[in-house]
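1. I'd like to go over a predicted model; first the sequence, then the structure.
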Amino acid sequence: MEFFLDTADIGEIRKALAWGILDGVTTNPSLVAKTGRRFEDVKRDILALVPGPVSLEVTAEDTAGMMEQAELLAAEGDQVVVKIPLTPAGIAAVVQCTELGIRTNVTLCFSANQALIAAKAGATYISPFVGRLDDIGHDGMQLVEEILEVYEAYGFKTKVLAASLRHPLHVLQAAKMGAHVGTMPFKTMEQLFHHPLTDLGLQRFLEDWRKVPGQS
Ligand code: E4P
(Lines give C-alpha, C1' and ligand atoms only; values in the text may rest on other atoms or scores of the structure.)
Protein backbone atom coordinates (compact mmCIF):
# COMPACT_ATOMS: atom_id res chain seq x y z
CA MET A 1 0.00 0.00 0.00
CA GLU A 2 1.26 3.45 -0.85
CA PHE A 3 1.50 5.93 2.04
CA PHE A 4 0.30 9.47 1.46
CA LEU A 5 0.49 12.17 4.12
CA ASP A 6 -2.74 14.12 4.55
CA THR A 7 -1.35 17.56 5.34
CA ALA A 8 -0.40 20.98 4.03
CA ASP A 9 2.23 21.42 6.75
CA ILE A 10 5.71 21.64 5.23
CA GLY A 11 7.45 20.67 8.46
CA GLU A 12 5.45 17.44 8.66
CA ILE A 13 6.16 16.66 5.00
CA ARG A 14 9.91 17.20 5.51
CA LYS A 15 9.95 14.83 8.50
CA ALA A 16 8.00 12.11 6.67
CA LEU A 17 10.19 12.44 3.57
CA ALA A 18 13.25 11.92 5.77
CA TRP A 19 11.84 8.51 6.78
CA GLY A 20 12.02 7.50 3.11
CA ILE A 21 8.60 5.80 3.05
CA LEU A 22 6.42 8.66 1.87
CA ASP A 23 4.83 8.11 -1.52
CA GLY A 24 2.72 11.26 -1.87
CA VAL A 25 0.67 14.00 -0.24
CA THR A 26 -3.01 14.89 -0.15
CA THR A 27 -4.26 18.34 0.79
CA ASN A 28 -7.68 19.91 1.09
CA PRO A 29 -8.93 23.49 1.67
CA SER A 30 -9.27 22.92 5.44
CA LEU A 31 -5.69 21.66 5.74
CA VAL A 32 -4.39 24.65 3.77
CA ALA A 33 -6.42 27.04 5.98
CA LYS A 34 -4.90 25.40 9.07
CA THR A 35 -1.39 26.48 7.97
CA GLY A 36 -2.40 30.16 7.98
CA ARG A 37 -0.37 30.57 4.76
CA ARG A 38 -1.35 31.59 1.21
CA PHE A 39 -2.31 28.64 -1.02
CA GLU A 40 0.23 29.76 -3.65
CA ASP A 41 3.05 29.53 -1.09
CA VAL A 42 1.92 26.20 0.35
CA LYS A 43 1.53 24.69 -3.12
CA ARG A 44 4.95 25.92 -4.28
CA ASP A 45 6.70 24.50 -1.21
CA ILE A 46 4.96 21.11 -1.37
CA LEU A 47 5.64 20.68 -5.08
CA ALA A 48 9.30 21.59 -4.59
CA LEU A 49 9.67 18.90 -1.93
CA VAL A 50 7.48 15.96 -2.97
CA PRO A 51 8.29 14.00 -6.13
CA GLY A 52 5.30 11.66 -5.76
CA PRO A 53 1.63 12.42 -6.39
CA VAL A 54 0.38 15.63 -4.72
CA SER A 55 -3.39 16.13 -4.59
CA LEU A 56 -4.43 19.78 -4.84
CA GLU A 57 -8.13 20.53 -4.60
CA VAL A 58 -10.27 22.73 -6.82
CA THR A 59 -12.63 25.14 -5.05
CA ALA A 60 -14.91 26.20 -7.93
CA GLU A 61 -18.37 24.65 -7.82
CA ASP A 62 -19.21 24.56 -11.53
CA THR A 63 -17.56 22.40 -14.18
CA ALA A 64 -16.09 25.29 -16.18
CA GLY A 65 -14.58 26.85 -13.06
CA MET A 66 -13.21 23.49 -11.91
CA MET A 67 -11.65 22.90 -15.32
CA GLU A 68 -10.02 26.33 -15.31
CA GLN A 69 -8.46 25.56 -11.91
CA ALA A 70 -7.62 21.97 -12.87
CA GLU A 71 -5.67 23.03 -15.94
CA LEU A 72 -3.74 25.67 -13.99
CA LEU A 73 -2.94 23.22 -11.19
CA ALA A 74 -1.91 20.44 -13.57
CA ALA A 75 0.48 22.82 -15.31
CA GLU A 76 2.35 23.34 -12.02
CA GLY A 77 4.07 19.96 -12.09
CA ASP A 78 3.96 16.40 -13.34
CA GLN A 79 3.19 15.15 -9.85
CA VAL A 80 0.00 17.19 -9.51
CA VAL A 81 -3.23 15.24 -9.08
CA VAL A 82 -6.33 17.44 -9.23
CA LYS A 83 -8.70 16.77 -6.37
CA ILE A 84 -12.33 17.15 -7.39
CA PRO A 85 -15.44 16.72 -5.21
CA LEU A 86 -17.95 14.02 -6.00
CA THR A 87 -20.76 16.21 -7.33
CA PRO A 88 -22.39 16.09 -10.78
CA ALA A 89 -20.37 19.17 -11.79
CA GLY A 90 -17.25 17.54 -10.37
CA ILE A 91 -17.76 14.28 -12.24
CA ALA A 92 -18.25 16.18 -15.51
CA ALA A 93 -14.92 17.89 -14.80
CA VAL A 94 -13.29 14.50 -14.10
CA VAL A 95 -14.47 13.25 -17.52
CA GLN A 96 -12.86 16.28 -19.16
CA CYS A 97 -9.67 15.88 -17.15
CA THR A 98 -9.50 12.22 -18.18
CA GLU A 99 -9.78 13.28 -21.85
CA LEU A 100 -7.00 15.83 -21.33
CA GLY A 101 -4.74 13.35 -19.51
CA ILE A 102 -4.99 15.24 -16.19
CA ARG A 103 -4.85 12.90 -13.19
CA THR A 104 -7.70 13.23 -10.69
CA ASN A 105 -8.50 12.30 -7.11
CA VAL A 106 -12.25 12.24 -6.56
CA THR A 107 -12.88 13.34 -3.01
CA LEU A 108 -15.72 13.26 -0.47
CA CYS A 109 -16.83 9.76 -1.45
CA PHE A 110 -19.27 8.19 1.00
CA SER A 111 -20.91 5.40 -1.02
CA ALA A 112 -19.92 2.60 -3.41
CA ASN A 113 -22.30 4.00 -6.05
CA GLN A 114 -20.45 7.32 -5.93
CA ALA A 115 -17.20 5.39 -6.35
CA LEU A 116 -18.66 3.56 -9.36
CA ILE A 117 -19.51 6.90 -10.98
CA ALA A 118 -15.98 8.20 -10.35
CA ALA A 119 -14.46 5.10 -11.95
CA LYS A 120 -16.72 5.42 -14.99
CA ALA A 121 -15.52 9.02 -15.33
CA GLY A 122 -11.93 7.72 -15.45
CA ALA A 123 -10.76 9.02 -12.06
CA THR A 124 -7.17 8.15 -11.17
CA TYR A 125 -8.03 7.84 -7.46
CA ILE A 126 -11.24 7.56 -5.45
CA SER A 127 -11.12 8.80 -1.84
CA PRO A 128 -13.61 7.12 0.49
CA PHE A 129 -13.62 9.05 3.79
CA VAL A 130 -13.41 6.29 6.40
CA GLY A 131 -13.17 8.36 9.59
CA ARG A 132 -16.01 10.70 8.72
CA LEU A 133 -18.34 7.72 8.20
CA ASP A 134 -17.22 6.23 11.52
CA ASP A 135 -17.96 9.63 13.10
CA ILE A 136 -21.65 9.27 12.25
CA GLY A 137 -21.92 5.65 13.33
CA HIS A 138 -21.37 3.97 9.96
CA ASP A 139 -18.63 1.46 9.17
CA GLY A 140 -16.22 3.48 7.03
CA MET A 141 -13.97 0.53 6.34
CA GLN A 142 -16.87 -1.46 4.93
CA LEU A 143 -17.13 1.18 2.22
CA VAL A 144 -13.50 0.60 1.23
CA GLU A 145 -14.23 -3.13 0.98
CA GLU A 146 -17.34 -2.55 -1.18
CA ILE A 147 -15.49 -0.24 -3.56
CA LEU A 148 -12.65 -2.73 -3.97
CA GLU A 149 -15.19 -5.45 -4.74
CA VAL A 150 -17.03 -3.37 -7.35
CA TYR A 151 -13.81 -2.20 -9.02
CA GLU A 152 -12.46 -5.76 -9.08
CA ALA A 153 -15.69 -7.04 -10.69
CA TYR A 154 -15.31 -4.66 -13.63
CA GLY A 155 -11.55 -4.30 -13.81
CA PHE A 156 -11.61 -0.54 -13.21
CA LYS A 157 -8.15 1.02 -13.09
CA THR A 158 -9.16 3.71 -10.56
CA LYS A 159 -7.04 3.34 -7.40
CA VAL A 160 -8.75 3.16 -4.02
CA LEU A 161 -7.22 5.81 -1.76
CA ALA A 162 -8.46 5.13 1.76
CA ALA A 163 -8.83 8.63 3.23
CA SER A 164 -9.79 10.19 6.53
CA LEU A 165 -7.77 7.45 8.27
CA ARG A 166 -7.50 8.47 11.90
CA HIS A 167 -5.45 5.78 13.68
CA PRO A 168 -3.12 2.83 13.02
CA LEU A 169 -5.94 0.25 13.03
CA HIS A 170 -7.57 2.08 10.11
CA VAL A 171 -4.28 1.82 8.21
CA LEU A 172 -3.96 -1.90 8.96
CA GLN A 173 -7.55 -2.64 7.95
CA ALA A 174 -7.16 -0.71 4.69
CA ALA A 175 -3.91 -2.56 3.95
CA LYS A 176 -5.46 -5.98 4.67
CA MET A 177 -8.29 -5.20 2.26
CA GLY A 178 -5.82 -4.26 -0.44
CA ALA A 179 -6.53 -0.52 -0.69
CA HIS A 180 -3.97 0.87 -3.14
CA VAL A 181 -3.19 3.95 -1.04
CA GLY A 182 -3.79 5.15 2.50
CA THR A 183 -3.65 8.84 3.30
CA MET A 184 -3.21 9.75 6.93
CA PRO A 185 -2.27 12.60 9.25
CA PHE A 186 1.37 12.89 10.36
CA LYS A 187 0.52 11.68 13.86
CA THR A 188 -0.98 8.44 12.52
CA MET A 189 2.00 7.76 10.24
CA GLU A 190 4.35 8.32 13.17
CA GLN A 191 2.31 5.97 15.37
CA LEU A 192 2.83 3.15 12.85
CA PHE A 193 6.51 2.92 13.83
CA HIS A 194 5.98 2.43 17.52
CA HIS A 195 5.71 -0.66 19.64
CA PRO A 196 6.61 -0.73 23.37
CA LEU A 197 8.53 -4.00 22.92
CA THR A 198 10.68 -2.38 20.23
CA ASP A 199 11.59 0.47 22.60
CA LEU A 200 12.22 -1.89 25.51
CA GLY A 201 14.18 -4.34 23.37
CA LEU A 202 16.40 -1.61 21.98
CA GLN A 203 17.03 -0.21 25.43
CA ARG A 204 18.16 -3.66 26.65
CA PHE A 205 20.38 -4.27 23.61
CA LEU A 206 22.10 -0.94 24.12
CA GLU A 207 22.57 -1.54 27.86
CA ASP A 208 24.08 -4.96 27.15
CA TRP A 209 26.26 -3.56 24.39
CA ARG A 210 27.87 -1.22 26.90
CA LYS A 211 28.92 -4.32 28.92
CA VAL A 212 30.84 -5.76 25.97
CA PRO A 213 34.60 -5.34 26.61
CA GLY A 214 35.99 -2.47 24.59
CA GLN A 215 32.59 -0.69 24.24
CA SER A 216 31.51 2.33 26.24
C1 E4P B 1 -8.58 13.20 2.00
O2 E4P B 1 -7.88 13.38 1.04
C3 E4P B 1 -8.94 14.21 3.00
O4 E4P B 1 -8.04 15.29 2.89
C5 E4P B 1 -8.82 13.71 4.41
O6 E4P B 1 -8.39 12.38 4.47
C7 E4P B 1 -9.95 14.06 5.27
O8 E4P B 1 -9.69 13.59 6.57
P9 E4P B 1 -10.51 14.09 7.85
O10 E4P B 1 -11.87 13.48 7.79
O11 E4P B 1 -9.71 13.59 9.01
O12 E4P B 1 -10.56 15.59 7.75
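-> Done, it's in.

2. ok, the residue sitting nearest the centre point of the chain - contacts?
-> For the chain, the residue sitting closest to the mean C-alpha position, by C-alpha atoms, centre = their mean, is residue 183 at 3.1 Å. Residues near residue 183 by C-beta atoms under 8 Å, 6 or more residues apart in numbering: 4, 5, 6, 24, 26, 127, 161, 162, 163, 165. C-betas here are computed from N, CA, C, even on glycine.

3. again, 7 Å this time
-> If you count contacts by C-beta atoms under 7 Å, 6 or more residues apart in numbering, residue 183 has them with 4, 6, 26, 161, 163, 165.

4. possible to save the residues you listed as CSV with distance to the ligand and pLDDT?
-> Shown next, in CSV, are those (distance: C-beta to the nearest ligand atom, whole Å; pLDDT from 0 to 100):
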residue, distance to the ligand, pLDDT
4, 8, 98
6, 4, 98
26, 4, 98
161, 7, 98
163, 4, 98
165, 7, 98
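
5. circling back: part of a strand, is the residue nearest to the centre of the chain?
-> Yes. Counting by DSSP: H, G, I helix; E, B strand; the rest coil, residue 183 is part of a strand.

6. which elements pack onto the one helix or strand residue 44 maps to?
-> Here residue 44, judged by DSSP states H and E, is contained in helix 39-49. Using 3 or more C-beta pairs under 7 Å, 6 or more residues apart in numbering; DSSP states H and E, the elements in contact with helix 39-49 are helix 10-19, helix 29-35, strand 54-57.

7. determine which stretch of the ones you listed is the most buried.
-> Across these, averaging neighbours per residue (mean count of other C-beta atoms under 10 Å) puts strand 54-57 on top, at a mean of 26.

8. just the angle between the helix or strand just after that one and helix 39-49, please?
-> Counting by DSSP H and E, the next helix or strand C-terminal to strand 54-57 is helix 63-74. Relative orientation of helix 63-74 versus helix 39-49 (axes from the mean of the first three to the mean of the last three C-alpha atoms, to 10 degrees): 40 degrees.

9. can you list the buried residues in the helix holding residue 44?
-> Under the neighbour-count criterion of 16 or more other C-beta atoms under 10 Å, helix 39-49 has 39, 42, 43, 45, 46, 47 buried.

10. pick out whichever of those residues sits closest to residue 179.
-> Nearest to residue 179 among those: residue 46, at 22.9 Å, using C-beta to C-beta.

11. find me the pLDDT at that closest one, would you?
-> At residue 46, the predicted lDDT confidence score is 98.

12. excluding chain neighbours, what is closest to residue 97?
-> Excluding its sequence neighbours, the residue lying closest to residue 97 (C-beta to C-beta, 6 or more residues apart in numbering) is residue 104, at 4.9 Å.
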